[in-house]
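# Sharing a model prediction with you, sequence too.
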2 protein chains.
Amino acid sequence: MMAVFPLLTVNGDRLNRSLYQLAEIGKLPNGGVSRVAFTTEDLLARQLVQSWMVEAGMVVFIDAAGNIIGRYAGQYEGAPALATGSHIDTVPVAGRYDGCLGVLAGIEMVRVLNENKIQLRHPLEVIVFTDEERSVIGSKAMAGEIKEGPDYYARLDGTPIQPCLEKIGGHWSKIRSAKRYRSDIAAFVELHVEQGGVLEHLGIPIGVVDGIVGQYRFAVTVVGRMNHAGTTPMHLRKDALVAAAHIVLAVNRIAVETPGDQVATVGYFTISPNATNTVPGKVDLRIDLRDLSQEHLEYLLSLLKKELDAIAAATQTEITLRQTLHILPTLAAEPIKTVIREVCERLDLPYTHLPSRAGHDAQEIGRFTDMGMIFVPSRNGISHSEDEYTSPEECTQGANVLLQTFLELDKIYAV
Amino acid sequence: MMAVFPLLTVNGDRLNRSLYQLAEIGKLPNGGVSRVAFTTEDLLARQLVQSWMVEAGMVVFIDAAGNIIGRYAGQYEGAPALATGSHIDTVPVAGRYDGCLGVLAGIEMVRVLNENKIQLRHPLEVIVFTDEERSVIGSKAMAGEIKEGPDYYARLDGTPIQPCLEKIGGHWSKIRSAKRYRSDIAAFVELHVEQGGVLEHLGIPIGVVDGIVGQYRFAVTVVGRMNHAGTTPMHLRKDALVAAAHIVLAVNRIAVETPGDQVATVGYFTISPNATNTVPGKVDLRIDLRDLSQEHLEYLLSLLKKELDAIAAATQTEITLRQTLHILPTLAAEPIKTVIREVCERLDLPYTHLPSRAGHDAQEIGRFTDMGMIFVPSRNGISHSEDEYTSPEECTQGANVLLQTFLELDKIYAV
């Protein structure tokens, strides 16, 4: 299994220098980054990354969704591309790894190929997807999944999407032209920080992602009867908070006790009127449910509905459930998972399989072509925070797995 | 048991006309009243009530806490007074009965005595207590229970208490002079709407109050660990909302399952950061616990503490409990309860015993002298709302019980 020739490796110092350099744009006091899509910081970061792409020997294209596509020519220019990439926009308070590692490891991979004068059989693309953190408009457009009108993509402050796309070289009226097909991209592999604690918990440097979970979200409203907390005896109450507490525990119980790898969360929860001396009359809460299997998600939903009916009856409250998000799971392609596993063995890097329970651009790209993801550990499982951290060594290990994976995929996929 | 002579009765029409007339001051569009203490509306209402007192043959005193004391002379002016009363200030959105019924029934009682040229052995006082709805400063001052500095009594908008007291003829520097003793007031009986649904539920017009519950309040903080709701597996979570849901159900269970008549409520509940895709890191909630027995309150508290310890251990969260309110119960005097019961039997009005689970001026007055309360039904148990309603007939019935009670108390208490 071990290679007899020295393996091609990335320049880890250069990769980590790029990570730090990119993090200077939108830098926050405590080591984090704020670089929301379409802001000046995002625009500056896009320019820097494009110049690095050109420097590394790529030709840069911008599609109608503003996606940056850096293309490194292959021996067979008519062949479908192999692609990697991620995003460089961030949530308002973020770390320096989420998204950026995938983009910069892709660029570093091309730098190494270019300086070693290696050309793959396939064209190789490094893609920076537009606004992954909020609308996912970049990868959705590439997957032909823009099903909503422009209003849906307006920013939180009300700014329409078109001036945003204009700023980055795209145009809403042509957004459908960003759509690509399996004949354009044969395989897409994204390197990303895990954003969870599984790898760190197991002490394993590489995660082979089995797929990106589907995500169901629900808005639940519980209506009881507001009453004076002093003068209303227990048996005359219809306490919406008591009913909602039963729901929180039912959601948790379903996720913990049902065999499987699902997660379920109540993260949003507000009560009304929220006064110490008033029996709560109403609770609004949101449920987030994620799993790799759509069938399993439907099963979990059926369990949840039964629980809600029982709770409504027992607490004499009215409970309504409305689905607000319905994202189907995307499975990683078996050939890509096999290659990543083999590469880890060759590099002597322990690995484990796990699902991605957060959304990624790869989830959209996986709707039209073979997709895979490589995870590296997140310290304390923390992400979307200035405390996000992955060590330079772990970043380098991930980039080396990415590089070797593409060298293998280039052999497997037809030109 | 039936009286052989016709019983003295109040003029129900006049009483209910007074209720409507008083409700014109601070009237709200949907039949309610807004007459917060120390506002122009409160001042106007105080003037109207004083003029009614004078008209009914009383002499009016204002003490240093701004309490209005209408005194109807007795045959033995050196004897301790018998007193009734309540308040005419309201919460910001209120009905027309809470407090006002007790004041106006007292005045109506004196009108009837005066027009029938009846003088009791004891002086009879009708008292309007200052700001029952927020600071309870009037009855606390009369009971010598002002233990806090003036800052404690500042209004919500920051207005100091002294200019407020000045407006109504009181003065902070002399507030201790408002203190009275058992030798001043031998017995105090307050007529009030129930503000709960017990009487209506049972179809009974008169409640004989056993006492006013003690009230313990607690601020509880639950600290877990904020995390990504997608990427954090169930077994690695420290979900503050799950722990808090257990607390809500434990509080409810303790109140429902422990033998006794206690009520317990979680009415305030906020979670942080309150985002759909984030495992909640922190919950702040408040617990309100009421019962007629201090010993029982302490027992319930011990049960609660045990539950919190078990929940903290099971959910790997930190739970802290801090007491924020500690009001001791006040029991009604047995002789007064006996008189009210006998009066109900004589008037052929069904009655039941019940605790008052809301605070009242009688709670403070009961700290230094014999206290009793008479309740009449609240439609749907609603109070502190424009929907508060007690029928004219029920108001009249309550006032007749009040009148007959004082005629009896006048015989029982020494002059």
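Perfect, I can see it now.

# quick one: low-confidence ranges for the stretch 51-200 of chain A?
By pLDDT under 70, the stretch 51-200 of chain A has no low-scoring segment.

# any idea how far the residue nearest the centre of chain A lies from B:I271?
The centre of chain A sits closest to A:H360, judged by C-alpha atoms, centre = their mean, with a distance of 2.5 Å. In this view, A:H360 and B:I271 are 27 Å apart by C-beta to C-beta, to the nearest Å. In short, each C-beta sits where N, CA and C put it, glycine included.

# so what's the backbone phi/psi at the residue of the stretch 201-350 of chain A found nearest chain B?
Nearest to chain B, among the residues of the stretch 201-350 of chain A, is A:T231, at 3.1 Å (C-beta to the nearest C-beta). Phi and psi for A:T231, reported as degrees, to the nearest 10, are phi -90, psi 0.

# That one and B:E194 touch, don't they?
Yes - using C-beta atoms under 8 Å, A:T231 makes contact with B:E194 at a distance of 6.7 Å.

# what sits in contact with each of the two?
Residues touching both A:T231 and B:E194 by C-beta atoms under 8 Å, 6 or more residues apart in numbering or on different chains: B:G381.

# Neighbour count: those two, which is higher?
Shown here are A:T231 and B:E194; by other C-beta atoms under 10 Å in any protein chain shown, A:T231 has more neighbours (29 against 23).

# Spatially nearest residue to the more buried one (excluding sequence neighbours)?
Leaving aside its chain neighbours, A:T231 sits nearest to B:G196 (3.1 Å; criterion: C-beta to C-beta, 6 or more residues apart in numbering or on different chains).

# need the contact list for the one you found.
Listed by C-beta under 8 Å, 6+ apart, the contact set of B:G196 reads A:228, A:230-233, A:236, B:357-358, B:378, B:381, B:383.

# pLDDT score assigned to the residue sitting furthest away from the middle of chain A?
Relative to the centre of chain A, and counting by C-alpha atoms, centre = their mean, the farthest-placed residue is A:T231 at 50.2 Å. Note on A:T231: pLDDT of 84.

# One more: A:M1?
The model reports A:M1 with a pLDDT of 45.

# The residue of the stretch 201-350 of chain A closest to chain B and B:H360, how far apart?
11 Å.

# is it fair to say the residue nearest to A:T231 lies in a strand?
No - if the criterion is DSSP: H, G, I helix; E, B strand; the rest coil, then B:G196 is coil and not within a strand.

# Could I get the phi/psi values of it?
Torsion angles, degrees, to the nearest 10, at B:G196: phi -140, psi -180.

# From what I see, A:I127 and A:H87 are in contact.
No - the criterion here is C-beta under 8 Å, and A:I127 misses it with A:H87 at 9.2 Å.

# so what's in contact with these two at the same time?
Common contacts of A:I127 and A:H87 (C-beta under 8 Å, 6+ apart): A:D361.

# Which segments of chain A make up each domain?
Per the record, chain A has its domains at A:12-213+A:329-412, A:214-327, by automatic domain parsing.

# Quick one: closest of those domains to B:A312.
Relative to B:A312, the nearest member of the domains of chain A by C-beta to C-beta is domain A:214-327, separated by 15.8 Å.

# Chain neighbours aside, what residue packs nearest to A:C344?
Counting by C-beta to C-beta, 6+ apart, the residue nearest A:C344 is A:Y351, at 4.1 Å.

# go on, A:S18?
Take A:S18 and drop its neighbours on the chain: the residue closest to it by C-beta to C-beta, 6+ apart is A:L104, 4.7 Å away.

# State whether the one you found is indeed within a helix.
Yes - membership of A:L104 in a helix is supported by three-state DSSP.

# Could you give the number of residues near it?
Around A:L104 there are 27 residues (other C-beta under 10 Å).

# list the contacts for it?
By C-beta under 8 Å, 6+ apart, the contact set of A:L104 is A:15, A:18-19, A:22, A:49.

# I'd like the list of the residues you listed that fall within strands, please.
Using DSSP state E, the subset of the contacts of A:L104 located in strands is empty.

# quick one: what helix or strand has A:A313 in it?
According to DSSP states H and E, A:A313 maps onto helix A:294-315.

# residues making contact with that helix?
With C-beta under 8 Å, 6+ apart, helix A:294-315 has contacts from A:214, A:216, A:218, A:220, A:224, A:238-239, A:242-243, A:246-247, A:250-251, A:254-255, A:258, A:260, A:262, A:264, A:287, A:289-291, A:317-319, A:321, A:328-329.
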